[in-house]
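Visitor: okay, here's the prediction I keep looking at, along with the sequence it came from:
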Number of protein chains: 2
Amino acid sequence: MLSIENSKKRVTIHDVAAAAGVSISTASKALNNTGRVGIETRERVKRVSVEIGFRPNALARGLLSKRSFTIGLLTNDTYGRFTLPLMAGVAEALVDHGVSVFLCAIEDDPAMGQIHVEAMLDKQVDGIIATGKRIDRSLPVDLSNLPVPVVYAFTEGRADSVSFRSDDGQGAKLAVEWLSRIGRRRIVHLTGPEAFFSVRERAAAYSAATAHKEPVLYGVWSESWGHEAVARIWSAPGEKPDALFCGNDQIARGAVDALREHGIKVPEEVSVVGFDNWEIVAAQTRPPLTTVDMELKELGRQAGLTVLALAEGRPVEPGVRKLPCRLVVRQSCGGQPSEK
Amino acid sequence: MLSIENSKKRVTIHDVAAAAGVSISTASKALNNTGRVGIETRERVKRVSVEIGFRPNALARGLLSKRSFTIGLLTNDTYGRFTLPLMAGVAEALVDHGVSVFLCAIEDDPAMGQIHVEAMLDKQVDGIIATGKRIDRSLPVDLSNLPVPVVYAFTEGRADSVSFRSDDGQGAKLAVEWLSRIGRRRIVHLTGPEAFFSVRERAAAYSAATAHKEPVLYGVWSESWGHEAVARIWSAPGEKPDALFCGNDQIARGAVDALREHGIKVPEEVSVVGFDNWEIVAAQTRPPLTTVDMELKELGRQAGLTVLALAEGRPVEPGVRKLPCRLVVRQSCGGQPSEK
DNA sequence: CTGAAAGCGCTTACAG
DNA sequence: CTGAAAGCGCTTACAG
């Protein structure tokens, strides 16, 4: 039978004070480099503290400072496609500041969401980052009027707050420009449901960059739509595209597979660009996909730094900030692959 | 400019005591249903407390109770493939008990890992769940001799502790039995690197269940290995398999794609089973894959309940617990798909 | 330069 | 049945 012996008593500041032969107030000041403490005393206290393995209790500290050095990350992207990279960025940005993050995946049940938010507040989080899977939908929880700052990332935020999202227009432009630069002239845009804001934004940027020569094909976010679209295009009469700019990697993968099955060579005859840089899809496609990366980790990093600033009372300009996307070049376009 | 007005003072137990006209000790007892408090007083305190929106400060509580109602989830699966479902299970099991979870993705840098573990301990987590991406590798951090209980899930644990993992042998048996039941006789096992413990375990169960009629083909965890293996098998002389049991969904997908390209019908001529039930791969394969699900969410749930038990001092039998896998039937095998 | 005291928000014996 | 007091582990004015 296993059971935790609570014999391992944690060492407190009383222990270091006793061991160093000073009062606990002196010990505290010595350890925190505050107040006036003799240099020799300070050194001794510090030395003793590491010797006996003292680690300050963050709960006690938080009680005084009103800072828990903890933030909550709320998401309804239970699949983790967008949340994980974002979370990694948040954590990476905040670990140096000693803050940890509570991850909380809420289903689309508002009641459950409320419970989770309250649990976070009870634990005195210094702030909350709300994130989702769609920039034009908000989380099913009321985040207004909270006693802590809220920052939105990859989800619809309140008008008077700070939101971060990728610049989908710029990402689309990146894709089209790359295709043009390698000599493609008939670029078709194959994408998801028009109801998605990011779909419309990407489509608009695509149209602007190509001077509206081709129609945009809206569909769903699946490989089979990629297949179907290719079948439709290549069975229709008229000149065929020499490039496909797809709304996500799944569509792109479906398109590439379909092209191969039609005996059309990628990238020799047709170049294909995806969107998302979802490794499991993009890297396993034959050939591997050149695709647009939304830099979610960077998004997370900035969101993290921003809640921190707000929590510390530093002023932050409200509004939505679009972060640039990056083109990841693999082999589905031809041209010279650059390591970027 | 946005900045948080700390004007929104949190309401404390003093406020409810004052509003209810009692002392704070009475207020505390009333709210917690402890001690002797007049029924009428208790009701009034409770009513007042919700009226003014009182929520107890978990930090203050934790300081007294030595319980933070917080646990840490440590993982080196930064991609999130295994961690997210597991985490969902942990959170789901613990939310009713009021415990929140810190998610902490460590790279394979032991120093960073140590920092994260210490940050968790400083925050007085009640326990830690260690998880990874391979049951035969341990995390790059020293988790021995911690003042809190540690439970392992989907990662190599210490001998004297509790570990949870899926029963890969049973999972493989499930796959082979299903193939036999639908009439397949020549089942080939196409899998990952033999260096993986789970690969060997699955292979052993496969061999036992098929009476060693066919050799096991070891390779890597990629679609291209699935392709290559099919090409190799179908170009060799002799009788061909009528079923492929693959070590993961990627290999299975590669195999299915290759079979289609060879003009071999799935599932009519050859049945294929995968492993992992990784939606993005399994559901998008043509036809969608029948595959073995490791029930990671359930694994997480049990791991969560177990750290909790340990944290509360309840005894737990040490050792590794294997949880059963489940077969998810889609269309890659034929036979009658059952909704399970 | 050092320490005694008060206090963060709460709970828990202990008196009354 | 109710409340004053002590204390969880720490920090921070305030005296000395």
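Guide: Everything's here; your move.
Visitor: burial count for the residue lying closest to residue A:230 once chain neighbours are set aside?
Guide: Distances taken as CB to CB, 6 or more residues apart in numbering or on different chains place residue A:258 nearest to residue A:230, at 3.8 Å, with adjacent residues excluded. Any C-beta I mention is one placed from the backbone N, CA and C, and that applies to glycine too. By other CB atoms under 10 Å in any protein chain shown, 21 other residues sit near residue A:258.
Visitor: what helix or strand does residue A:258 sit in?
Guide: Using DSSP states H and E, residue A:258 sits within helix A:249-261.
Visitor: tally of neighbours for the spatially closest residue to residue A:279 that is not a sequence neighbour?
Guide: In space, and not counting its chain neighbours, residue A:279 is closest to residue B:79: 7.5 Å by CB to CB, 6+ apart. Residue B:79 has 17 neighbouring residues, counting by other CB under 10 Å.
Visitor: again, but for residue A:58
Guide: Count around residue A:58 with other CB under 10 Å applied: 24.
Visitor: how much space between it and residue B:102?
Guide: As judged by CB to CB, to the nearest Å, residue A:58 and residue B:102 stand 12 Å apart.
Visitor: give me the common contacts of the two.
Guide: residue B:123 (CB atoms under 8 Å, 6 or more residues apart in numbering or on different chains).
Visitor: thinking again about what came up before, need the pLDDT of the residue nearest to residue A:279.
Guide: Note for residue B:79: predicted pLDDT of 71.
Visitor: re the thing from before, contacts only, for the residue nearest to residue A:230.
Guide: Here residue A:258 is in contact with A:226, A:227, A:230, A:231 (CB under 8 Å, 6+ apart).
Visitor: give me the buried positions along the one helix or strand the third one maps to.
Guide: Think residue A:230. Residue A:230 belongs to helix A:223-235 when assigned by DSSP H and E. Applying a neighbour-count criterion of 16 or more other CB atoms under 10 Å in any protein chain shown, one finds A:223, A:225, A:226, A:227, A:228, A:229, A:230, A:233 buried in helix A:223-235.
Visitor: and for stretch A:104-124?
Guide: Buried, per 16+ other CB under 10 Å, within stretch A:104-124: A:104-106, A:112-113, A:115-117, A:119-124.
Visitor: try stretch A:126-139
Guide: Buried, per 16+ other CB under 10 Å, within stretch A:126-139: A:126, A:127, A:128, A:129, A:130, A:131, A:132, A:133, A:134, A:135, A:138, A:139.
Visitor: can you check stretch A:192-208 too?
Guide: Buried residues in stretch A:192-208 (16+ other CB under 10 Å): A:192, A:196, A:198, A:199, A:200, A:201, A:202, A:203, A:205, A:206, A:207.
Visitor: and the closest residue to residue A:123 other than its chain neighbours, what is it in contact with?
Guide: Of all residues not flanking residue A:123 in the chain, residue B:58 sits nearest, at 4.6 Å (CB to CB, 6+ apart). The neighbourhood of residue B:58, defined by CB under 8 Å, 6+ apart, consists of A:122, A:123, A:124, B:68, B:69.
Visitor: over to residue A:153?
Guide: A:86, A:129, A:130, A:131, A:163, A:164, A:165, A:299, A:300, A:303.
Visitor: what about the residues you listed, which are in helices?
Guide: Secondary structure assignment by DSSP state H places A:86, A:299, A:300, A:303 of these in helices.
Visitor: picking up where we left off before, may I see the buried residues of the helix holding residue A:258?
Guide: Result for helix A:249-261 [16+ other CB under 10 Å]: buried residues A:249, A:250, A:251, A:252, A:253, A:254, A:255, A:256, A:257, A:258, A:259, A:260.
Visitor: same deal with stretch A:307-327?
Guide: Here stretch A:307-327 shows A:307-311, A:316, A:318, A:321-323, A:325-327 as buried, counting by 16+ other CB under 10 Å.
Visitor: residue A:19 and residue B:147, how far apart?
Guide: Counting by CB to CB - residue A:19 and residue B:147 are separated by 19 Å.
Visitor: returning to that earlier point: what would the buried residues of helix A:249-261 look like in CSV with pLDDT?
Guide: Listed next are the buried residues of helix A:249-261 as CSV, based on pLDDT from 0 to 100:
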residue, pLDDT
A:249, 97
A:250, 97
A:251, 98
A:252, 98
A:253, 97
A:254, 97
A:255, 98
A:256, 97
A:257, 95
A:258, 96
A:259, 97
A:260, 94
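Visitor: picking that back up, of the contacts of residue A:258, which ones also sit close to DNA strand C?
Guide: By CB under 7 Å from any atom of the strand, no member of those lies near DNA strand C.
Visitor: now, among the residues you listed, which is nearest to DNA strand D?
Guide: Relative to DNA strand D, the closest of the contacts of residue A:258 is residue A:226; by CB to the nearest atom of the strand it sits at 57.1 Å.
Visitor: quick one, grab the pLDDT at the closest one.
Guide: pLDDT, residue A:226: 97.
Visitor: isn't it up against residue A:191?
Guide: No: between residue A:226 and residue A:191 there is no contact under CB atoms under 8 Å: 10.2 Å.
Visitor: who touches both of those two?
Guide: By CB under 8 Å, 6+ apart, the residues touching both residue A:226 and residue A:191 are A:246, A:251.
Visitor: and the residue of the stretch 101-250 of chain A that's closest to chain B?
Guide: residue A:103 (4.0 Å; CB to the nearest CB).
Visitor: quick one, phi psi at that residue?
Guide: Dihedral pair for residue A:103: phi -100, psi 140, per degrees, to the nearest 10.
Visitor: need the contact list for the nearest residue to it once chain neighbours are set aside.
Guide: Of all residues not flanking residue A:103 in the chain, residue B:103 sits nearest, at 4.0 Å (CB to CB, 6+ apart). With contact set as CB under 8 Å, 6+ apart, residue B:103 has these partners: A:87, A:91, A:101, A:102, A:103, B:73, B:75, B:83, B:87.
Visitor: report pLDDT for residue A:165.
Guide: So residue A:165 comes in at 96 (pLDDT).
Visitor: please disregard the earlier target; I meant residue A:279.
Guide: 90.
Visitor: so it touches residue B:78, yeah?
Guide: No: Residue A:279 sits out of contact with residue B:78 when judged by CB under 8 Å, with a separation of 11.3 Å.
Visitor: compare these two (neighbour count), which wins?
Guide: residue B:78 (16 against 13).
Visitor: just checking, that one touches residue A:91?
Guide: No: using CB under 8 Å, residue B:78 makes no contact with residue A:91, being 10.2 Å away.
Visitor: common neighbours of those two, please.
Guide: residue B:105.
Visitor: residue B:155: which of the contacts of residue B:58 is nearest?
Guide: residue B:68 (23.5 Å; CB to CB).
Visitor: so what's the residue count around the closest one?
Guide: 26.
Visitor: ok, now residue A:185?
Guide: Residues near residue A:185, counting by other CB under 10 Å: 11.
Visitor: can you report how many residues lie near the residue nearest to it when sequence neighbours are not counted?
Guide: Distances taken as CB to CB, 6+ apart put residue A:242 closest to residue A:185, at 6.3 Å, once the chain neighbours are dropped. By other CB under 10 Å, the residues close to residue A:242 number 16.
Visitor: how close does residue A:242 sit to residue A:282?
Guide: 21 Å.
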